[in-house]
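*Asks:* Below is the sequence, then the predicted model.
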Amino acid sequence: MIQKVEVVPGCISCRNCENVCPEVFVINPTSKVITEKYNWLDSQILQAEAMCPVNVIKVTCKQKIKLSFKKAILKEKNLLTKDVLELTFETDNFSFIPWQYISIQATDLIWKFSRSYSIASGTKNTFTLTVKLLNKWRWSNYLSKLKVWEQINYLWALGNFTLQNNNNKKVFIATWTWLAPMISMLDACPKEIEKTVIFWVRFENDIYYKEKLENYENTKVIIKVSKPSPDYKWEKWRVTDNLNEIWKNDEVYICGNPEMIDSVQKWLSDLWHDKNLIFYECFTISRVYPGFWKDMIFNWNIPWINIFSWIVIIFSLTLIPYSWFYNASNNNLYWNYLFTNNFMWFLFDLSWWSVVFVMAIRPLSDLFPKIWILKKLVTLRKAFWILSSSIIVVNLIWPMILDFSKLNSYLSIVKWNFYIPIISRISEITAIILLITSNDLSQKKLWIWWKRIQRSSYLYFISWWIIAWLYAPIKIYPSLTIVIILWILALMKSRIWK
């Protein structure tokens, strides 16, 4: 269930959110949330969040909700010009309507990001995109490095501005790679219908799909070049130069940046063209990558956070057990270790501060939602759960492996007496439960029970706190007090907000 939707500064007015979920988002002039009623719109809202190319839509959910992305494999990759790339992907059960687009999601060292591309052509098992490659643009870098047979994730075809099913003459106006949806419509347009294509590029070596356009029957092709060479023989300057050739009852389809579309619409309006016969889709170009430090400091895009998460998990499941066994074998568990009294003290400190981080980061992110670095750090909770619980489990399991008699001792009544012994057993059992279930497979298999099982983390934290308090009260009191205050404040804020 979605609790809150907001748009932070940085919207580029790409209209993805408005196209996907007009009940919640409107572009005026940038994206705005127009309602707080999200019932039955979870899928569309999450889709808008996933499709935002600059990650400015922020959604807060009561429980974890995931969109189902489809997968496609890069089958063919061709350079049509020096900076226009044609990509053909293979997938299952693909369907689209001419003019529609798909949203691709990827992950790099910075974070997840997405971009929408119009479909140039498609079959039941393939689709083709054309991409403009620009320096320092995130998607350009990603797609130019994508290798044949590598996989991408995408959302199904979207878009409401589709080819009209009638026999009217049709005029298609496009610039650069915004030609893609026109190609899909020309493929679907009956041969007997009269068609005109007006295609603009800056230089003549930017022209692509020229032969393809000229092979469509009953089609007039006008290619405009604004900066041609002296030997260039065809049309020059702008797409608006030929608008006076468009009849009032012609259907006009426009695709490009907002400035070009506004200009063409104004020209057609001055020529008294019926606005109901003008169909268009505005696309803004994606954000120029601002640079490593600026993106990290101002946009809170922390690099390598996913890699760091995996490093913590691998460290927990490999180096922690190995180092315990190594120190136990050398009788060094209770001797000086690094900057602590001994190795065991180091492990318990690491486990305690890991669980403090896990318990504190969620209420912190709820209390200060505009500090988006906190939202990013929330994704590390699973890794630190595994780190904390793995230390407890290692200290429980390894001694039993090295000395099987300790298993019988563990099952004895002495080990399960009330107060401290039973509290220790609770921390160990909940640690095992959390360690086993802190993965995507468990979440998928357990479904609704997974969330309920994960609530044992509170029991783990409380039992850990009682045990730690007995050994190091001065260290435990401040951190425990902070966590409790944060949870109370977050709960109060949640109640007030509701």
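*Replies:* Thanks, I have it. Residues are numbered from 1 along each chain as shown.
*Asks:* Look at Gln3 and say how many residues are nearby.
*Replies:* By other CB atoms under 10 Å, 15 other residues sit near Gln3. C-beta coordinates here come from the backbone N, C-alpha and C atoms, glycine included.
*Asks:* before we move on, what about Asn28?
*Replies:* 10.
*Asks:* Over to Lys70?
*Replies:* There are 14 residues near Lys70, going by other CB under 10 Å.
*Asks:* Repeat that for Trp310.
*Replies:* 11.
*Asks:* can you check the one 4 residues further on too?
*Replies:* Look at Ile314: counted by other CB under 10 Å, it has 12 neighbours.
*Asks:* so where's the stretch 201-350 of the chain shaky on pLDDT?
*Replies:* Where the stretch 201-350 of the chain drops to pLDDT under 70, the residues are 234-235, 282-304, 338-340.
*Asks:* Can you show me the helices along it?
*Replies:* 210-214, 258-270, 292-298, 305-314, 320-329, 343-367 (DSSP state H, counting those that start in this stretch).
*Asks:* Determine which stretch of those helices is the most buried.
*Replies:* Most buried of these by mean neighbour count (mean count of other CB atoms under 10 Å) is helix 343-367; its value is a mean of 20.
*Asks:* list the buried ones in whichever helix or strand comes after that one?
*Replies:* Read in the C-terminal direction, the helix or strand following helix 343-367 is helix 372-378, with elements assigned using DSSP states H and E. Within helix 372-378, the residues that qualify as buried are Trp372, Ile373, Leu374, Lys375, Leu377, counting by 16 or more other CB atoms under 10 Å.
*Asks:* Relative to the whole chain's centre, how far out is helix 372-378?
*Replies:* 14 Å (CA atoms, centre = their mean, to the nearest Å).
*Asks:* which secondary structure elements does that helix contact?
*Replies:* With contacts defined as 3 or more CB pairs under 8 Å, 6 or more residues apart in numbering; DSSP states H and E, helix 372-378 has these neighbours: helix 343-367.
*Asks:* what's the angle between the host helix or strand of Lys475 and helix 343-367?
*Replies:* Using DSSP H and E, Lys475 sits within helix 473-497. Interaxial angle, helix 473-497 versus helix 343-367 (axes from the mean of the first three to the mean of the last three CA atoms, to 10 degrees): 20 degrees.
*Asks:* Identify each buried residue in helix 473-497, please.
*Replies:* Ile476, Ser479, Leu480, Val483, Leu486, Trp487, Ala490.
*Asks:* can you check stretch 201-218 too?
*Replies:* So for stretch 201-218, counting by 16+ other CB under 10 Å, buried means Val201, Glu204, Asp206, Ile207, Tyr208, Tyr209, Leu213, Tyr216.
*Asks:* circling back: just put the buried residues of helix 473-497 in a markdown table and tack on pLDDT and distance to Ile2.
*Replies:* A markdown table is the format used below for those (pLDDT from 0 to 100; distance: CB to CB, whole Å):
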| residue | pLDDT | distance to Ile2 |
| --- | --- | --- |
| Ile476 | 78 | 37 |
| Ser479 | 84 | 32 |
| Leu480 | 81 | 32 |
| Val483 | 87 | 27 |
| Leu486 | 89 | 23 |
| Trp487 | 86 | 22 |
| Ala490 | 84 | 18 |
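*Asks:* Which single one of the residues you listed is nearest to Thr175?
*Replies:* Nearest to Thr175 among the buried residues of helix 473-497 is Ala490, at 49.2 Å by CB to CB.
*Asks:* Enumerate every residue touching the closest one.
*Replies:* The contact partners of Ala490, by CB atoms under 8 Å, 6 or more residues apart in numbering, come to Arg362, Pro363, Asp366, Leu367.
*Asks:* and if we set it to 6 Å?
*Replies:* By CB atoms under 6 Å, 6 or more residues apart in numbering, the residues touching Ala490 are Pro363, Asp366, Leu367.
*Asks:* With Ile198 instead?
*Replies:* Ile173, Ile222, Val239, Asn242.
*Asks:* would it count as being in a strand?
*Replies:* Yes: under DSSP: H, G, I helix; E, B strand; the rest coil, Ile198 falls within a strand.
*Asks:* in the sheet, who's paired with it?
*Replies:* Ile173, Ile222 (DSSP bridges).
*Asks:* Could I get the buried residue list for stretch 164-171?
*Replies:* Lys170, Val171.
*Asks:* who's in contact with it?
*Replies:* Against stretch 164-171 from outside (CB under 6 Å, 6+ apart): Ile193, Glu194, Lys195, Thr196, Ile246, Asp250, Glu251, Val252.
*Asks:* Please produce a ChimeraX select command covering the buried subset of these.
*Replies:* Buried subset of these, written as a ChimeraX selection, criterion 16+ other CB under 10 Å:
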select :195,196,246,250,251,252
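*Asks:* Turn the contacts of stretch 164-171 into JSON lines, including distance to Met185.
*Replies:* JSON lines is the format used below for the contacts of stretch 164-171 (distance: CB to CB, whole Å):
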{"residue": "Ile193", "distance to Met185": "11"}
{"residue": "Glu194", "distance to Met185": "14"}
{"residue": "Lys195", "distance to Met185": "9"}
{"residue": "Thr196", "distance to Met185": "13"}
{"residue": "Ile246", "distance to Met185": "17"}
{"residue": "Asp250", "distance to Met185": "14"}
{"residue": "Glu251", "distance to Met185": "10"}
{"residue": "Val252", "distance to Met185": "12"}
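*Asks:* Identify the farthest-apart pair in the contacts of stretch 164-171.
*Replies:* Ile193 and Ile246 (15.1 Å).
*Asks:* Please tell me how far Phe357 sits from Ile307.
*Replies:* 18 Å (CB to CB, to the nearest Å).
*Asks:* Equivalent analysis for Lys233, please.
*Replies:* 54 Å.
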